[in-house]
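Asker: coords please:
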Amino acid sequence: ARPGERMARAEPPAATFERRVLRSAAEHHYLRVRLELPDGGARPSVAQFKQLVVSALRELHGEVGAALPVDVLTYEEKTLCAILRVVSSGLVKLWSALTLLGFYQNRRCAFRVLQASPFLLALSGNSRELVLD
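Answerer: Got it, this is the predicted structure:
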């Protein structure tokens, strides 16, 4: 280097940061839902319940929504409670469709999502429903 000239320093490479947001890696999500029919009347069978879920998806999201794979794993006609399985990418579509459904056979109704989890085992018990002796 000549006098009066600074020696060029090699700058370290700029640090690069990559932000990764991982949602659940689970393939499916499970929802425990309850259908509320305030005026009583006939209760839907498991086939009618499944059809109601599909029609809710169709109403909000069209034919593409109705094609979303949703399985009714359990259904209790007495309590109108069910556990649904949906592919994780369709969770928001299913939840929103159920929330916005307002009628079943021209009667007022409402779906309540009681629990949601990527793990089926998490829905096996609900501490809010524990009965202590």
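Asker: which outside residues touch the strand or helix carrying Val92?
Answerer: Secondary-structure assignment from DSSP states H and E places Val92 in helix 91-100. Applying CB atoms under 8 Å, 6 or more residues apart in numbering, the set of residues contacting helix 91-100 from outside is 29, 31, 33, 53, 56-57, 59-61, 65, 68, 70, 84, 86, 111, 113, 116. (C-beta placed from N, C-alpha, C; glycine too.)
Asker: Quick check: the spatially most central residue of the chain vs Ser55, distance?
Answerer: The residue lying closest to the centre of the chain (CA atoms, centre = their mean) is Leu91, at 3.1 Å. Taking CB to CB, to the nearest Å as the measure, Leu91 falls 19 Å from Ser55.
Asker: ditto for Leu73
Answerer: From Leu73 over to Ser55 (counting by CB to CB), the distance is 19 Å.
Asker: again with Ser96
Answerer: In this structure, Ser96 lies at 14 Å from Ser55, with CB to CB as the measure.
Asker: same deal with Ala97?
Answerer: Distance check for Ala97 against Ser55: by CB to CB, it reads 9 Å.
Asker: who's more crowded, these two?
Answerer: In this comparison of Ala97 against Ser55, neighbours counted by other CB atoms under 10 Å, the higher total goes to Ala97 at 24 against 15.
Asker: quick one: contacts for the closest residue to Ala116 other than its chain neighbours?
Answerer: Spatial nearest neighbour of Ala116, excluding adjacent residues (CB to CB, 6 or more residues apart in numbering): Leu31 at 4.9 Å. Residues in contact with Leu31, defined by CB under 8 Å, 6+ apart, are 83-84, 86, 91, 94-95, 98, 113, 115-116.
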